[in-house]
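Enquirer: How does the following fold in three dimensions:
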Amino acid sequence: MVESIARVRHIRVTPQKARRVVALIKGKQAEEALAILKFAPQGASEPIYKLVASAIANARVKADNEGTYFDEGALFVKNAYVDEGTTLKRFQPRAQGRAFQIKKRTSHITVVLATPEVAETAPAAKTKKASK
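Expert: Residues are numbered from 1 along each chain as shown. Got it, this is the predicted structure:
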């Protein structure tokens, strides 16, 4: 019944590297996702670990506000995606007076956690038959 969203913006991780880590946790239970991220060797796993933990806390607060029962073990990663953020452009001096551009990319990461009931009650597309 509970669905929570957590976002982090302008995180100094390239989107390509962050997408590799996010792909590891899509569809997993929230606690299992935390365990995977804790031991993942990629550098992007630490901010994504904090983001999933924040989404769990958001779900707990949302359930308390609604007055519904909250079971942390029932949460799973419904959706997680990485968008490209702003790119910081820096220059490095090179030989013979040239300048070499360095692009420091940033990411916007979003994690959506839900309980199984929310995922099953998504509105289905209705089909209408044409009558003559």
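Enquirer: Can you name the element that comes right after the longest strand along the chain?
Expert: Longest strand in the chain by number of residues, with DSSP state E as the criterion: strand 76-93. Going down the chain from strand 76-93, the next helix or strand is strand 99-114, by DSSP states H and E.
Enquirer: which other helices and strands contact that following strand?
Expert: Here strand 99-114 touches strand 3-11, helix 15-25, helix 45-66, strand 76-93, going by 3 or more C-beta pairs under 8 Å, 6 or more residues apart in numbering; DSSP states H and E. Using the backbone N, CA and C atoms, a C-beta is placed for each residue, glycine as well.
Enquirer: can you pull the buried residues of stretch 8-18?
Expert: 8, 11, 13-15, 18 (16 or more other C-beta atoms under 10 Å).
Enquirer: For residue 101, find the nearest of the helices and strands packed on strand 99-114.
Expert: Proximity to residue 101 (C-beta to C-beta) singles out strand 76-93 among the helices and strands packed on strand 99-114, at 5.9 Å.
Enquirer: and the angle from the closest one to strand 3-11?
Expert: Going by axes from the mean of the first three to the mean of the last three C-alpha atoms, to 10 degrees, strand 76-93 is angled at 10 degrees with respect to strand 3-11.
Enquirer: what residues does strand 76-93 touch?
Expert: 3, 9-11, 15, 18-19, 22, 25-30, 33, 52, 99-116, 118-119 (C-beta atoms under 8 Å, 6 or more residues apart in numbering).
Enquirer: SS state for residue 43?
Expert: Three-state call for residue 43 (DSSP: H, G, I helix; E, B strand; the rest coil): coil.
Enquirer: just how off-centre is stretch 72-82 within its chain?
Expert: Its chain's C-alpha centre and that of stretch 72-82 lie 8 Å apart, by C-alpha atoms, centre = their mean, to the nearest Å.
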